[in-house]
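S.K.: Here's a sequence, model it:
(2 chains)
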Number of protein chains: 2
Amino acid sequence: MDRWLPRAQGLVISGGFLTRPRFPLRELAERAPQLRWIHVIGAGVENLMPLDWIHPGLVLTNNSGVHAGKVHQFGLMALLMLNTRVPQMMTNQRKHAWAPIFTGSLAGKSLLVVGLGDMGGGVARAGKTLGMTVTGIRRSASPHPYAHKVHAAAALHKLLPKADIVALAPPLTPETHRIMGAREIALMKPGAALINIGRGPHVDQAALEKALRTGRLSGAVIDVTDPEPLPATSKLWDVPNLFIMPHCSSDDADAYMPGTLDLALKNAALLARGRALKNAVDPQRGY
Amino acid sequence: MDRWLPRAQGLVISGGFLTRPRFPLRELAERAPQLRWIHVIGAGVENLMPLDWIHPGLVLTNNSGVHAGKVHQFGLMALLMLNTRVPQMMTNQRKHAWAPIFTGSLAGKSLLVVGLGDMGGGVARAGKTLGMTVTGIRRSASPHPYAHKVHAAAALHKLLPKADIVALAPPLTPETHRIMGAREIALMKPGAALINIGRGPHVDQAALEKALRTGRLSGAVIDVTDPEPLPATSKLWDVPNLFIMPHCSSDDADAYMPGTLDLALKNAALLARGRALKNAVDPQRGY
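M.R.: Numbering: from 1, shown residues only, chains lettered A, B, ... in the order given. You can find the predicted model right below:
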C-alpha cells in the first residue's frame, strides 16, 4: 500500500478494503496527495460514514446502475413469490403440510417502494411490468418512470396502510435507520407483505418476526439482515412465512464485474479530461 | 341425481364428482338419455380415463385456456426462482446457513417445455418474456408463438442435454407416464433445473430425489406430486433444493371461476345452436 498509495490518482476498490484498520482513510490528503477519485465496488457506502474523510479534492463514486438488470429480475421474482405466498408454502413444506393456497393475479394490486435509486427503481419497474399500481417515496418526491405517483418521506405513514406489498430500498442513513419499526409495521394493511432489498437495519426484526408469527403480515422476502452474515444461532432463520436471501439478490454473476469495469473506466476517462464523474456520492447525504 | 340426470342436456361439473362410485359414468346413454355435453372444471381428465364411456352423442370439454394468465405468472416465478437458486437457499435457510449464491441473468439460457397446451404455453411465454431460448415438444410438432422451435416427442432424449431448465406440462396419458424417468433425468445437463406443472406421475420421484441430493440437478419446483395430497410421512418434503407447491400454481383465486363460467356458458350457447364446442377432449388422445 505504501508503494502505490502516494502515486495513485484513482482507486477502484471494495468498500471493505477501505475500512481495514491499516487503510489510512483519514490521512488521505497526506498519504495519497495525488488521489482525486475513489470508486467503491458496491451500491451502499454506509460502512464508510460519516463521509467527513472526503477532502475537497476527492470524489467518491459508487456502482449505482450496475445492478439494474438483475434487480428487475429479483423484483419480478419477489413480488410473484409474495403474491403466490411462497414463503408460507416453504413453512408448510418444513412442516410436511399439504395446504393449497389459491391466490389471484398481481395486476391491480398496490406496491409501495421506499427509495427509488437503482434497487427501488428496479422493483418499481417490476411492479409496473406486472400491472401493479406503483407508489414511490423519495426525498425529492420527483417523478420516476416506473412509479404512478411519488411522495416525499413524510408521506410514509399515510401510504403504508394502502399497500399490498411494501419494498424497502433506501440508502442506509440516520434518517432511514429503522424506517420500518414496530409502529410502521403495525400501520401496514393486514395480510400485506414486505420486501427488504436495502439494508438490514432498516427493519425492526423483532417487530417483523411478531407480525409474521401472528399472521398480521402474509409474508416477507428479505435480502439483507442485521447483522450479516446472520449467525446460525439467530432465531430469524425459523420465522414462519419469511424467506431470507443471503445478500445476493442484485449482483449478476456474469454481468456485475464487467459492468463495474465499464463504469470505472468511463469515470477514469472523465477524470483524465477533468469532467464531472458519474455516480458521485454526496458526502452530506451519504448516497 | 336421479331427479336431474334424466333431464340434463349439459353438465358443468368437477372431475371428482364424475369419479364418485355412485355416478353412473358407464350408463350415461341409458340414465341420462338427453345428455349431450359434460364440461369438466379442470384441465386434465386423466382420472376419467379410459374415455371409452363417452358415447358418440356426448362431447366432453375441459377448462383449457382458463389458466393462462396465472400460468404465465407462475412460469415467470418458477424460472426466476430456479435461476436464482431459491430452492437451494430455502434448504440453506432450514440449516441456518448463510451462503450467498451469485447467479447471472436468465436471458440467453435455454428452456425446454414438454407439452405446449395451456400450461406449457404459459411457461414458454414466460421464458420468452425473460429472454430465454425456448424449445418446445408436442405431438404435432407444429409451431407455437412462444417457442423458437418445436419438435415431436421423439426428440426428447436429444434435447434434454441442451436445456438449462426443463418444464413438464403434457397431459397425463400412458405415453407421458414417467416421461421424466431415471434415464431422462440422467440426460439432463449437470446443474440444470426442473419444473413439473403437469402431473406427479410424469416424474420418477426417487430419481429426482437422487439427482437433487447429489447436486446433479441444481433445483426443482414442482406443483404436483404422486400421490396427492403428499402424505406427511413422505420423504419428498425434505429433499434438498426442492420446492413443493401443493397443486395451486395455476388457479387464479379471483378469475378462475368467472373464467370457467364464461367458457361453460359460451359452450352452452354453442350447444343450443348445434355448433362445435370449444375445448372438446379427443377420447382417443385423452386431451
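S.K.: buried set for stretch A:261-276?
M.R.: A:Leu263, A:Ala264, A:Asn267, A:Ala268, A:Leu270, A:Leu271 (16 or more other CB atoms under 10 Å in any protein chain shown). Where you see a C-beta, it was placed from the backbone N, CA and C, and this is true even at glycine.
S.K.: again, but for stretch A:52-72
M.R.: A:53-54, A:58-64, A:66-72.
S.K.: quick one: the strands in chain A?
M.R.: Under the criterion DSSP state E, chain A contains strands at A:10-13, A:37-40, A:59-61, A:110-114, A:133-137, A:149-151, A:165-168, A:193-196, A:219-222, A:242-244.
S.K.: Select, out of the ones you listed, the one closest to chain B.
M.R.: strand A:242-244 (5.3 Å; CB to the nearest CB).
S.K.: Which elements pack onto that closest one?
M.R.: helix A:86-94, helix A:205-213, strand A:219-222, helix B:86-94 (3 or more CB pairs under 8 Å, 6 or more residues apart in numbering or on different chains; DSSP states H and E).
S.K.: Put together TSV for the ones you listed, with distance to A:Leu194, mean pLDDT and mean neighbour count on each row.
M.R.: Listed next are the helices and strands packed on strand A:242-244 as TSV, based on distance: least, CB to CB, whole Å; pLDDT from 0 to 100; neighbours: other CB atoms under 10 Å in any protein chain shown:
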stretch	distance to A:Leu194	mean pLDDT	mean neighbour count
helix A:86-94	10	98	22
helix A:205-213	7	98	18
strand A:219-222	4	98	26
helix B:86-94	17	98	22
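S.K.: how about these, which one is nearest B:Gly286?
M.R.: Of all the helices and strands packed on strand A:242-244, helix A:86-94 sits nearest to B:Gly286, with 30.0 Å by CB to CB.
S.K.: Can you list the neighbours in contact with that closest one?
M.R.: Here helix A:86-94 makes contact (CB atoms under 8 Å, 6 or more residues apart in numbering or on different chains) with A:81, A:98-99, A:101, A:218-221, A:240-243, B:77, B:81, B:90, B:93-94, B:237, B:243-246.
S.K.: Please repeat the previous calculation with a cut-off of 6 Å.
M.R.: Around helix A:86-94, the neighbours that count as contacts under CB atoms under 6 Å, 6 or more residues apart in numbering or on different chains are A:Ala99, A:Gly219, A:Pro240, A:Asn241, A:Leu242, A:Phe243, B:Met90, B:Trp237, B:Ile244, B:Met245.
S.K.: just stretch A:212-221 next, same as before
M.R.: So stretch A:212-221 is in contact with A:78, A:81-82, A:87-88, A:191-195, A:211, A:239-243, going by CB under 6 Å, 6+ apart.
S.K.: again, only using 8 Å
M.R.: With contacts defined as CB under 8 Å, 6+ apart, stretch A:212-221 is touched by A:78, A:81-82, A:85-88, A:185-186, A:188, A:190-196, A:208, A:210-211, A:239-243, A:245.
S.K.: Same question for stretch A:232-245.
M.R.: Here stretch A:232-245 has contacts from A:81, A:85-88, A:90-91, A:205, A:208-209, A:212-213, A:217-223, A:225, A:230, B:86, B:89-90, B:93-94, B:96-98, using CB under 8 Å, 6+ apart.
S.K.: returning to that earlier point: filter the contacts of stretch A:212-221 down to the buried ones and express that as a PyMOL selection.
M.R.: Applying 16+ other CB under 10 Å to the contacts of stretch A:212-221 leaves a buried subset, and the PyMOL line that selects it is:
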select buried, chain A and resi 78+81+82+85+86+87+88+185+188+192+193+194+195+196+208+210+211+239+240+241+242+243+245
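S.K.: Please compute how far the worst-scoring helix or strand of chain A on mean pLDDT lies from its chain's middle.
M.R.: When each helix and strand of chain A is scored by mean pLDDT, DSSP states H and E, helix A:15-18 comes last, with a mean of 88. Relative to its chain's centre, helix A:15-18 lies at 18 Å (CA atoms, centre = their mean, to the nearest Å).
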